[in-house]
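Trainee: pasting the sequence and the predicted model now:
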Amino acid sequence: MSDDLDGWGGAEFVLAADRLDTPDVIEAADPGDMLRQVASAAAQVRTALRSCAETDLSAFAADGRPRAIVVAGMGGSGLAGEMLNAMAGLSSPVQVVVSQTERLPGWVGAADAVVAVSCSGSTPETLAMATEAARRGCRLAGIGAEGSPLHRIAEQARAPFVPVAPVGLARSMLWAVAVPLLVIAERIGVARIGSDVYELAASRLEEVSHQCRPASESFVNPGKSLALDLVGELPMVWGTSALSGVAARRFAGQLQENAKYPAIYGMLPEAAHSQVAAFDGPFAPRSSRLSAQEPGSGPDDLSDLPGWDLDYEEDEAASGFTALRLILIADPDEDPRVASQRAAVTELAGQRGVGISELAMDGEHPLVRLAGVIQLADYASVYLAIASGIDPGQTVAIRDLRTRIE
């Protein structure tokens, strides 16, 4: 990336767009076939449903409802638990907890169910929690690769295990691990989905995949267009409900892993009490910082400090900092107060010169709404990597860190 950030509006931006509209460049820049892995999402849903049908899940039934479901998983596997939590909602008769550590919460015991989720079946933290769940007498289920260490733990505990057939990297296998978890939750009455909704979700995934296919040019390809919106900018990804918050967290995570892009995750209304303050900082192109002083602050509080020059025009661009870009993921079921906040945030961001990309969730069922926006975000993260000249399949820093802690 050029040190001159304005360059992203010129030659370098054109180069990024050209990369995304040149099939040979896309193919060469994606040696790990991440785009193909993203496109497998609909097939993952259908394959996972077949695996669930072939697995004895009789240990999970509505007449034996646990006190809580603890989802033990890291990364995308943990996100599957957040999906369940968002869809179950506050009215769920069973508490859903996502645990992303090496230990289960102290209160978890025989009255609770633990679902250990690991695409590879070898995530150390997940294995540790599964072993602990079996020792505490919890109702246990495993989701992961057949023949893996997690599979062996489930067998030793006489617990059901839903096998996952990996078609790529774990971060591209969200639907393969999420669907079995949702099916288990359905069986004990925590979620209401049904086979027709799963098929609608798979169809939505296919629809977005068709729109975002590599051969589709950027001006009609929503995945490429969203990626180009983010080129050379610092993304803040906000949800407006528990459901869209899951999509926002997923997008931020995929930007980090696929595009190697730092991304800030947030959710309204909390972000309106904290992260919005960044609109008055050096990353906002037309920051009005200090234009409306805090109560009790004097006019000379900062002006006498060395290096502070408060005499600038409102439309003066910030120099030396990457510009913020706000991605708002709007849920039609968001609270009316949050909807008002979203409108106000959009107005404020425009005033500060912060770019905005709005993604609207669409569909009657929460699973279908999630499917559409997550699939678009997954494509955008891979396209952003390609536009930036980065291999989306590689995560060298993660591998190097693991070698230092193993």
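Mentor: Received the coordinates, thanks. Because the structure is predicted, anything quoted here is derived from the model rather than measured.

Trainee: when you work out contacts or count neighbours from here on, use the C-alpha atoms and nothing else.
Mentor: Will do.

Trainee: show me where the chain has helices.
Mentor: Taking DSSP state H as the test, the helices found in the chain are 11-20, 23-29, 34-39, 41-53, 76-88, 124-136, 149-156, 174-187, 195-211, 222-230, 242-258, 336-352, 366-387, 396-405.

Trainee: which parts of the fourth one are buried?
Mentor: Along helix 41-53, the positions that meet the burial threshold by neighbour count (16 or more other CA atoms under 10 Å) are Ala41, Ala42, Ala43, Gln44, Val45, Arg46, Thr47, Ala48, Leu49, Ser51, Cys52.

Trainee: same check on the longest one?
Mentor: Buried residues in helix 366-387, counted by 16+ other CA under 10 Å: 366-387.

Trainee: center of this structure - which residue?
Mentor: Geometric centre of the chain, nearest residue: Arg250, 0.2 Å, by CA atoms, centre = their mean.

Trainee: read off the pLDDT value for that one.
Mentor: As predicted, Arg250 sits at a pLDDT of 97.

Trainee: same question for the one 5 residues further on.
Mentor: On pLDDT, Leu255 comes in at 97.

Trainee: check Ala397 too.
Mentor: On the pLDDT scale, Ala397 is placed at 85.

Trainee: and if you look at the one 3 residues further on?
Mentor: Asp400 is assigned 86 on the pLDDT scale.

Trainee: rewinding a little: can you pull the contacts of the residue nearest to the centre of the chain?
Mentor: With contact set as CA atoms under 8 Å, 6 or more residues apart in numbering, Arg250 has these partners: Gly76, Leu79, Ile374, Ala377.

Trainee: my guess is the last one contacts Gly223. True?
Mentor: Yes - applying CA atoms under 8 Å, one finds Ala377 in contact with Gly223, separated by 7.1 Å.

Trainee: how many neighbours does the nearest residue to Ser118 once chain neighbours are set aside have?
Mentor: Leaving aside its sequence neighbours, Ser118 sits nearest to Gly144 (CA to CA, 6 or more residues apart in numbering; 5.0 Å). Residues contacting Gly144 under the criterion other CA atoms under 10 Å number 27.

Trainee: how about Trp107?
Mentor: When neighbours are counted by other CA under 10 Å, Trp107 comes out with 8.

Trainee: with Ala28 instead?
Mentor: 12.

Trainee: likewise for Arg192?
Mentor: 14.

Trainee: so it touches Ile184, yeah?
Mentor: No - using CA under 8 Å, Arg192 is not in contact with Ile184, being 11.0 Å away.

Trainee: measure Met74 to Thr101 for me?
Mentor: 8 Å (CA to CA, to the nearest Å).

Trainee: relative to Thr47, how far out is His398?
Mentor: I think there's a mix-up here, since residue 398 is Ile and not His. 29 Å.

Trainee: no no, Asp333
Mentor: With CA to CA as the criterion, Asp333 and Thr47 are 30 Å apart.

Trainee: what does Gly106 give?
Mentor: Distance from Gly106 to Thr47, by CA to CA: 35 Å.

Trainee: partners of the residue nearest to Val97 when sequence neighbours are not counted in the sheet?
Mentor: Leaving out its chain neighbours, the residue that sits closest to Val97 by CA to CA, 6+ apart is Val70, at 4.8 Å. Beta-bridge partners for Val70, by DSSP bridges, are Val97, Val114.

Trainee: ok, Val70 - contacts?
Mentor: Contacts of Val70 (CA under 8 Å, 6+ apart): Val96, Val97, Val98, Ser99, Asp112, Ala113, Val114, Val115.

Trainee: who are the contact partners of the fifth one?
Mentor: By that I understand Asp112. Pro66, Arg67, Ala68, Ile69, Val70, Cys138, Arg139.

Trainee: try it again with 10 Å
Mentor: 65-70, 94-95, 133, 136-140 (CA atoms under 10 Å, 6 or more residues apart in numbering).

Trainee: can you say which of these are buried?
Mentor: Arg65, Pro66, Arg67, Ala68, Ile69, Val70, Val94, Gln95, Ala133, Cys138, Arg139, Leu140.
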